[in-house]
Each structure stands twice: as C-alpha cells, then as structure tokens.
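Q: Using only what follows, build the 3D model:
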Amino acid sequence: MVEFPKLPPSGIKVIIVGAGFAGLTAAIECDRKGHQVLLFDKAPGLAPLGDIISFGQNSSRFFHKWPGVAEALDPVIHKSEVFHFHDWRGKFVTTQSFVEEHKAWGPRVNGHRGEIHQILLRHALARGIDIRLGHNIVNYFEDEDSAGVETSTGDKFTADLVLAAEGVRSRGRKLVLGFEDKPQPSGYAVFRTWYPSDGLLKNEVTKHLVANGDSHNGWIGQDVHFLAAAIKDGKEMSWVCTHKDEGGIEESWQFPGDKADVFRVLEGWDPVVLALVEATPPDRLFDYKLVFRDPLPTFTSPKARTVLIGDAAHPFLPTSIQGASQAMEDGVVMAACLDKAGGREWVQEAVMVWQSIRYERVHKIQATGVTTREQWHKADWDAIWKNPESMHLQREAWILDFDAEADAYASYEKVLGELAGKA
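A: Just a heads-up that it's a prediction; the model follows:
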C-alpha cells in the first residue's frame, strides 16, 4: 500500500472550487501540509478530454513529490528532446534541442491533457481527499472569520479559505473584483486535435513523423503557426493551429471544429501539414477561442478569505507554455504559505504573502506568451534565414529552474516584513 507522507493537522480548512490542474494541485499540496480539503467540481464525472498539454521543469518537479505520480506519467508522456522548425511551405529552418536544459533543470512533461489529469485525480482520491463532483457553485461569500460557497441546490459550505479554481469564467471573480467582468476576444483562436496515428504511418507524406517514435515539429507562417507532436512511441498524434480569428469568444474544449475552416487558414501550406489535417477524424477536431483579460489588480478578496488561482486569476496564451505550470505553482505556494502562517488565525496573513509572492512572477511570465506569438507570427524571414536560431523558443532559467515551494518557504518572512512596512 502506498504511503502519503504529510505534516500534522494544521487546523486550517480549505474549500477548493474546480478540479482542474490548479484545483487538484492545491488540494494535493494542502493535504501534504496537513490542511483539511473539500474540493468541488460541477462536472458529474471527469472524463479524459483534451489534447496536448505542457508542464515546464518548474512544475514537473511537483509530480516527483507525489508518490507514484511520476511513475504513472512515464508511459504516456512525450519523449522527444528536439523540436524541428519549418516555414509554412515546409522548408526546414532549424532544430532546437532540449537535452542540455533537461540535464540542468530536469525533464519537461508533455502529454495528453486528459490522461495526465486522470493520473492526478486518482492520486488525489488515493490520498483520501474529499472530492465532490456534480456540485455547481453559484455563489461565494465571506466575512472576517470565514469564507464559503453556495451550490445550485442551496447548500452552503464554509471554511477558513476558499480557492476559486474553476477557470476564466469563475464566479469567484465577482467577489474578488466587486463586479462582473466579461472576457474579450484576443483576436486569435486555436484548432486542436488528438488521434491515433495508424493512418499517418501508411501515408508516405506523413510516415516520417511517426515511424521512428515521438517527434515534435512546427511550421511558422504569417499570423499562423502549426505544431504537431507524435507521442507514445509515435502511436498517437496531436496538432494545434493558432490563427487570427474574428469570431465570438465562446470558449470550450468541446466546441466542434470544421476541417474546411482549417484548410482555408492553411491554404498553400506544406503538404505534410495538410495531410495531418486531412487525417483528422471530424469528431476529434475542436475550435478553441483564445480570450483576453486585462491583468487583475488583485487575486484576493477584500477580506483575504477568497483567492483566485489558475485561469480564474491569470489566463495564459498557449505560446507561453506556462499556463498549467503557473496554475500548479499557485496551489503549491498557497499550501506552503498556510503552513508557514502557523494556524487558522493567520490565514489572512498567509493569503497576503501568497499574493505578493505570486503576482509579479505570474504577470511577467504571462507576457512571454505574447512575445513568442509575435516572434513567430510577425517573423522577419530575411533575418531568420541569416540567423535561424532566432526562431527558437526562449527557455529562461528564472522561469524553469525554479522551485516554487522552496522559494515560498525561503521568502515568507521577508515578504511579511515588507507588507508590514507598507501598512
């Protein structure tokens, strides 16, 4: 039987709304630190939906702290350590290797969003965390001593702290901001899919992508980029196409896509890209609208009893390659701050320290998503052919070679002192 080491009970009760990567990480880490957790999600069942998702070394390190999780992930994650860039016509540009950063900072974790999510969910359940599915939270409330949520059936639950982790449309945003805010269109959308690669192996145009195990390729065009990853020793294929979009701002992983729309976006592109689209099962293609929100002035409520984490606080563009990682860091740092605070009477102090630790880092990393998108979409090809490596993804130590848990413990007292000095 697997043992789950944890600190002695802290007496702190935490309610978490949303069982995505932010919510599950917060729940697991709070459990590790001895806090009592109650986790709600409106879905009656958490099916393994989605496509590829990436976790940088700054978050993949957490998987190794949770008994059995890294071992469960190994068979399902992407194993390629190089990324091949091409222009939209298919001309090879450059290869970026991740071998050295893996040696220095540890491995990344890339894989199917749904499969990785299921592994974390099973771990949380194995720990004995109280997870209640099919509970739709319609209201948040708080006073100086506690915070709580109300379900669509009228049931109310209270705790010392509530973490709103149910995404960009979180109802918790109204309590934190004091008003309803609406997401705005970013001007971009993403076609995305995941499917078995049997047909690709039989096609001479695409065979090279899957015949030799995992591979990772990208094609860059004007205001469009297309990324394709073969995974599970080449047995499955995922591709994403980010493009300009003038449509609405409905956002759902299950919004159906139309291959005719994809072909219009990719007219004149590399036959390899077009073959990947052609091979896509119609029921596996989704169209995801990327929404934009102005950076929030705060992630915490007026009484510091309700906190937004993950996409509820800071939605990321996919080109940051940090959305899930920062959602996980949010939960890890909160659990550590609550531990450092030393008891339920100090929860509000912990929340304010958490806000100070997370706010600047999150927004600096958010900005990298725009930088990378513009680096590709507004590419100066004359300059790129002179310096192909200018196309490479920026891999920065301050983002990736970072342990959010250790940093929170090391900086807590300093940040607390700075807050006291400002009071």
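
Q: How much space separates the residue nearest the centre of the chain from Val69?
A: Central residue of the chain (C-alpha atoms, centre = their mean): Ala324, 1.7 Å from the mean position. Computed with C-beta to C-beta, to the nearest Å, the distance linking Ala324 and Val69 is 14 Å. Where you see a C-beta, it was placed from the backbone N, CA and C, and this is true even at glycine.

Q: pLDDT weak spots in the stretch 301-423 of the chain?
A: Counting by pLDDT under 70, the stretch 301-423 of the chain contains low-confidence ranges at 320, 423.

Q: residue boundaries of the helices in it?
A: Secondary structure of the stretch 301-423 of the chain (DSSP state H, counting those that start in this stretch): helices at 323-341, 347-377, 381-386, 397-400, 404-422.

Q: all strands in the stretch 1-150 of the chain, in order from the N-terminus.
A: Across the stretch 1-150 of the chain, reading from the start of the chain, the strands by DSSP state E, counting those that start in this stretch fall at 13-17, 36-41, 52-55, 82-87, 92-97, 109-112, 130-133, 137-142, 147-151.

Q: count of residues packed around Trp105?
A: Using other C-beta atoms under 10 Å, the number of residues around Trp105 comes to 19.

Q: Hmm, it is touching Phe98, no?
A: No. The pair formed by Trp105 and Phe98 falls short of the contact definition of C-beta atoms under 8 Å, at 9.6 Å.

Q: Export stretch 266-273 to CSV, keeping only CA atoms.
A: In CSV, the C-alpha atoms belonging to stretch 266-273 read as follows (Å, rounded to 0.1, in the frame of the first residue of the first chain):
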residue,chain,number,x,y,z
LEU,A,266,-3.6,26.8,-44.3
GLU,A,267,-4.1,27.4,-48.0
GLY,A,268,-0.8,26.9,-49.8
TRP,A,269,0.9,25.3,-46.8
ASP,A,270,3.3,22.3,-46.6
PRO,A,271,1.6,19.1,-47.9
VAL,A,272,2.7,17.4,-44.7
VAL,A,273,0.6,19.9,-42.7
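
Q: Flag every buried residue along that stretch.
A: By neighbour count with 16 or more other C-beta atoms under 10 Å, stretch 266-273 contains the buried residues 266, 269-270, 272-273.

Q: Serialize those residues to TSV and add fields for secondary structure and pLDDT.
A: Rendered in TSV, the data for the buried residues of stretch 266-273 read as follows (DSSP: H, G, I helix; E, B strand; the rest coil; pLDDT from 0 to 100):
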residue	secondary structure	pLDDT
Leu266	coil	97
Trp269	coil	98
Asp270	coil	98
Val272	helix	98
Val273	helix	98
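
Q: Identify the farthest-apart pair in those.
A: By the measure C-beta to C-beta, Leu266 and Val272 form the most distant pair in those, at 11.0 Å.

Q: about what we covered before: how about the strands of the stretch 1-150 of the chain in a markdown table, adding mean neighbour count?
A: Formatted as a markdown table, the entries for the strands of the stretch 1-150 of the chain read as follows, by neighbours: other C-beta atoms under 10 Å:
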| stretch | mean neighbour count |
| --- | --- |
| strand 13-17 | 26 |
| strand 36-41 | 23 |
| strand 52-55 | 23 |
| strand 82-87 | 18 |
| strand 92-97 | 15 |
| strand 109-112 | 23 |
| strand 130-133 | 15 |
| strand 137-142 | 18 |
| strand 147-151 | 21 |
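
Q: Now distance to Asp382 and mean pLDDT too, for those, in a markdown table please.
A: Compiled in a markdown table, those are given as follows (distance: least, C-beta to C-beta, whole Å; pLDDT from 0 to 100):
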| stretch | distance to Asp382 | mean pLDDT |
| --- | --- | --- |
| strand 13-17 | 50 | 98 |
| strand 36-41 | 50 | 97 |
| strand 52-55 | 31 | 88 |
| strand 82-87 | 12 | 96 |
| strand 92-97 | 13 | 96 |
| strand 109-112 | 32 | 90 |
| strand 130-133 | 54 | 96 |
| strand 137-142 | 53 | 95 |
| strand 147-151 | 56 | 97 |
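
Q: ok, now which ones touch the nearest residue to Pro8 once chain neighbours are set aside?
A: Excluding the flanking residues, the one nearest Pro8 by C-beta to C-beta, 6 or more residues apart in numbering is Gly34, at 5.4 Å. For Gly34, the residues meeting the contact criterion (C-beta atoms under 8 Å, 6 or more residues apart in numbering) are 6-10, 339.

Q: Narrow the residues you listed to just the buried residues.
A: Among the contacts of Gly34, those that count as buried by neighbour count (16+ other C-beta under 10 Å) are 10, 339.

Q: among the contacts of Gly34, which are in helices?
A: Secondary structure assignment (DSSP state H) places Asp339 from these within helices.

Q: what pairs with the nearest residue to His84 once chain neighbours are set aside across the strands?
A: Nearest non-adjacent residue to His84, counting by C-beta to C-beta, 6+ apart: Asn217, 4.7 Å away. Taking DSSP bridges, one obtains His84, Ala228 as the residues bridged to Asn217.

Q: For Asn217, give me the pLDDT.
A: Residue-level confidence at Asn217 comes out at 96, pLDDT.

Q: tell me the domain ranges of this protein?
A: According to the domain assignment given by automatic domain parsing, the chain is divided into the following structural domains: 13-79+108-181+296-371+394-422, 184-292.

Q: closest to Val93 out of the ones you listed?
A: Closest approach to Val93 among the domains of the chain is made by domain 184-292 (7.6 Å; C-beta to C-beta).

Q: ok now the closest one, how far from the chain's centre?
A: Its chain's average C-alpha position is 19 Å from that of domain 184-292, according to C-alpha atoms, centre = their mean, to the nearest Å.

Q: Can we start the residue count at 35 from this point?
A: Let's use 35 as the start, then, which means that last one is domain 218-326.

Q: so which of the domains of the chain is the most packed in?
A: Burial among the domains of the chain, expressed as mean neighbours by mean count of other C-beta atoms under 10 Å, is greatest for domain 47-113+142-215+330-405+428-456, which shows a mean of 20.
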